[in-house]
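Participant: from the sequence below, what's the structure:
(2 chains)
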2 protein chains.
Amino acid sequence: MDSDALCQKLGYIFSRPELLRQALTHRSHSLPHNERLEFLGDSVLNCAVAALIFRNFPNLTEGSLSRVRANLVNQQSLAELAQSLELGKLISFGEGELKSGGDRRPSILADALEAVLGAIYLDSGFAQAEKVVTALFAPSLQDWDAQTQGKDPKTLLQEYLQSRKLALPVYSVTATSGEAHQQQFTVECMIPKPDIRTVGEGPSRRSAEQEAAKRAYEQLLSQG
Amino acid sequence: MDSDALCQKLGYIFSRPELLRQALTHRSHSLPHNERLEFLGDSVLNCAVAALIFRNFPNLTEGSLSRVRANLVNQQSLAELAQSLELGKLISFGEGELKSGGDRRPSILADALEAVLGAIYLDSGFAQAEKVVTALFAPSLQDWDAQTQGKDPKTLLQEYLQSRKLALPVYSVTATSGEAHQQQFTVECMIPKPDIRTVGEGPSRRSAEQEAAKRAYEQLLSQG
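Facilitator: Have a look, this model is predicted:
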């Protein structure tokens, strides 16, 4: 395993390989190490993932988008990605850090992956780094998408709860308004565990239920 | 003042003006409002500023870069930029929000500016949004740069403290090591107010003092 193999996995070849070398140099080894690149890469990563989920989830609110991102991008998920790229073997450590297992420490792996993204940004700009991020996170996003394809929210919500042996939602009409021919229904969706209550509105009881179910399902997903 | 004037100030013309319109629609007005664009724009802004200060401050550590960014990008600085762009007059509000002074509320102005940056990203990609961010923050960065041009750290630190009528730093050698011809000095720089203690090392007392002064000065600047 050398850095060529890494570049192949990332789908990116460095014009300035010294940037990749710096990204893979832990501060215990020597200067220039990867801490400044990690600062940059962290921002690049957060921005690229923000754009990715903004496009993938056109119906999620701002708050849900934040939660989805926090579930996708965290030390554990980054360390797992770094492991799948076998990054640990490529990082240069000082002797002490290596002996104490630095090459398997999740925080170090996650930081190095961020630094690599920072290095790609410096090497050729945001668009290239964004491509790499999109490829890295595509599998996790597909898992999410697969859960929602072609099913209505009430069905999705029910299947989700059943698969986790949780109690099913209870829907109740909490308000109606308007004349008989143009009534507006308000429905509450209640899930006992995890405790979620959402409200939906619509011109029929069914449509209000679907709206409330959709919001409950989005909350469940964004809680991860 | 219309949105053409805004585009002129930003140095950016939208291909899809509806994106700008959405960025300038508060949720009190109508859908689609600017909250999702704000989520996106917040990330774009943070990433663009990270890159800007990464390049402008090649000697700052990761921690100092974070502090510099936090000082440059916050609700107050964004609201001030939004005010200089006269953004408040362009935002569409619901009647209640407008009556209660929404067009002058710092959080709303800051959010709208972020949303505009998100809209630029969607309209034509990160590089364009980055250009706009760089132009917006250039004056604040110049203020910082001017303070550091061509002066050594001890002088900069002394001038900074004198200009604020604060007590001058005290330097003391806390350790020496090595043979006489290749000694290594450790110097502590102490400032009573704000309470800052930094340490510098070097092959001479003077170089260790400069190193300690540099760190103290960076801390002062990043505290803003």
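Participant: just the helices from chain A, written as ranges.
Facilitator: Ranges of helices in chain A, per DSSP state H, are A:3-10, A:17-23, A:35-56, A:62-72, A:75-84, A:95-99, A:106-124, A:126-148, A:153-163, A:205-223.
Participant: could you dump those to a markdown table with mean pLDDT, distance to chain B and mean neighbour count?
Facilitator: Where C-beta positions appear, they are placed from N, C-alpha and C, glycine not excepted. Converted to a markdown table, the helices of chain A look like this (pLDDT from 0 to 100; distance: least, C-beta to the nearest C-beta, whole Å; neighbours: other C-beta atoms under 10 Å in any protein chain shown):
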| stretch | mean pLDDT | distance to chain B | mean neighbour count |
| --- | --- | --- | --- |
| helix A:3-10 | 92 | 19 | 15 |
| helix A:17-23 | 97 | 12 | 20 |
| helix A:35-56 | 96 | 4 | 23 |
| helix A:62-72 | 85 | 4 | 18 |
| helix A:75-84 | 95 | 16 | 16 |
| helix A:95-99 | 91 | 17 | 12 |
| helix A:106-124 | 97 | 7 | 24 |
| helix A:126-148 | 84 | 4 | 16 |
| helix A:153-163 | 87 | 19 | 17 |
| helix A:205-223 | 88 | 13 | 20 |
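Participant: nearest to B:Val187, out of the ones you listed?
Facilitator: helix A:35-56 (23.6 Å; C-beta to C-beta).
Participant: and the angle for that closest one with helix B:62-72?
Facilitator: Angle, helix A:35-56 to helix B:62-72, by axes from the mean of the first three to the mean of the last three C-alpha atoms, to 10 degrees: 50 degrees.
Participant: pull the distance from helix A:35-56 to the chain's centre.
Facilitator: 11 Å (C-alpha atoms, centre = their mean, to the nearest Å).
Participant: mind listing what A:Ala110 touches?
Facilitator: A:75, A:78-79, A:82 (C-beta atoms under 8 Å, 6 or more residues apart in numbering or on different chains).
Participant: assess the claim that A:Ser140 and A:Arg69 are in contact.
Facilitator: No. Counting by C-beta atoms under 8 Å, A:Ser140 does not reach A:Arg69; the two are 11.3 Å apart.
Participant: per-domain residue ranges of chain A.
Facilitator: Following automatic domain parsing, chain A resolves into domains at A:3-147, A:153-223.
Participant: now distance to B:Asn46 too, for those domains, in a markdown table please.
Facilitator: A markdown table is the format used below for the domains of chain A (distance: least, C-beta to C-beta, whole Å):
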| stretch | distance to B:Asn46 |
| --- | --- |
| domain A:3-147 | 5 |
| domain A:153-223 | 21 |
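Participant: of all those domains, which one is nearest B:Glu97?
Facilitator: Closest approach to B:Glu97 among those is made by domain A:3-147 (17.1 Å; C-beta to C-beta).
Participant: could you pull up the residues touching A:Thr176?
Facilitator: Here A:Thr176 is in contact with A:183-186 (C-beta under 8 Å, 6+ apart).
Participant: ok, so what distance separates it from B:Lys9?
Facilitator: 49 Å (C-beta to C-beta, to the nearest Å).
Participant: ditto for A:Ile196
Facilitator: Distance from A:Ile196 to B:Lys9, by C-beta to C-beta: 44 Å.
Participant: what's the answer for A:Pro17, then?
Facilitator: 41 Å.
Participant: again with A:Leu109
Facilitator: Distance from A:Leu109 to B:Lys9, by C-beta to C-beta: 44 Å.
Participant: could you do A:Leu220 as well?
Facilitator: For A:Leu220, the distance to B:Lys9 equals 44 Å [C-beta to C-beta].
Participant: and what of A:Val73?
Facilitator: In terms of C-beta to C-beta, A:Val73 sits 34 Å off from B:Lys9.
Participant: can you lay out the helices of chain A as JSON lines showing distance to B:Pro153?
Facilitator: Shown next, in JSON lines, are these (distance: least, C-beta to C-beta, whole Å):
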{"stretch": "helix A:3-10", "distance to B:Pro153": "37"}
{"stretch": "helix A:17-23", "distance to B:Pro153": "25"}
{"stretch": "helix A:35-56", "distance to B:Pro153": "19"}
{"stretch": "helix A:62-72", "distance to B:Pro153": "39"}
{"stretch": "helix A:75-84", "distance to B:Pro153": "35"}
{"stretch": "helix A:95-99", "distance to B:Pro153": "30"}
{"stretch": "helix A:106-124", "distance to B:Pro153": "26"}
{"stretch": "helix A:126-148", "distance to B:Pro153": "33"}
{"stretch": "helix A:153-163", "distance to B:Pro153": "58"}
{"stretch": "helix A:205-223", "distance to B:Pro153": "47"}
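Participant: between those, which one is closest to B:Glu130.
Facilitator: helix A:126-148 (7.0 Å).
Participant: kindly export that closest one (C-alpha atoms) in PDB.
Facilitator: Extracted in PDB, the C-alpha atoms of helix A:126-148 (Å, rounded to 0.1, in the frame of the first residue of the first chain):
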ATOM      1  CA  PHE A 126     -13.000  23.200  -4.300                       C
ATOM      2  CA  ALA A 127     -14.700  21.500  -7.200                       C
ATOM      3  CA  GLN A 128     -12.200  18.700  -7.200                       C
ATOM      4  CA  ALA A 129     -12.300  18.200  -3.400                       C
ATOM      5  CA  GLU A 130     -16.100  18.200  -3.700                       C
ATOM      6  CA  LYS A 131     -16.000  15.400  -6.200                       C
ATOM      7  CA  VAL A 132     -13.900  13.300  -3.900                       C
ATOM      8  CA  VAL A 133     -16.200  14.000  -0.900                       C
ATOM      9  CA  THR A 134     -19.300  13.200  -3.000                       C
ATOM     10  CA  ALA A 135     -17.700   9.800  -4.000                       C
ATOM     11  CA  LEU A 136     -16.700   9.000  -0.400                       C
ATOM     12  CA  PHE A 137     -20.200   9.700   1.000                       C
ATOM     13  CA  ALA A 138     -22.300   8.300  -1.900                       C
ATOM     14  CA  PRO A 139     -22.700   4.900  -0.200                       C
ATOM     15  CA  SER A 140     -24.000   6.400   3.000                       C
ATOM     16  CA  LEU A 141     -26.400   8.600   1.100                       C
ATOM     17  CA  GLN A 142     -27.600   5.700  -1.000                       C
ATOM     18  CA  ASP A 143     -28.500   3.900   2.200                       C
ATOM     19  CA  TRP A 144     -30.700   6.800   3.200                       C
ATOM     20  CA  ASP A 145     -32.200   7.200  -0.300                       C
ATOM     21  CA  ALA A 146     -33.000   3.500  -0.600                       C
ATOM     22  CA  GLN A 147     -35.200   3.700   2.500                       C
ATOM     23  CA  THR A 148     -37.400   6.300   0.900                       C
END
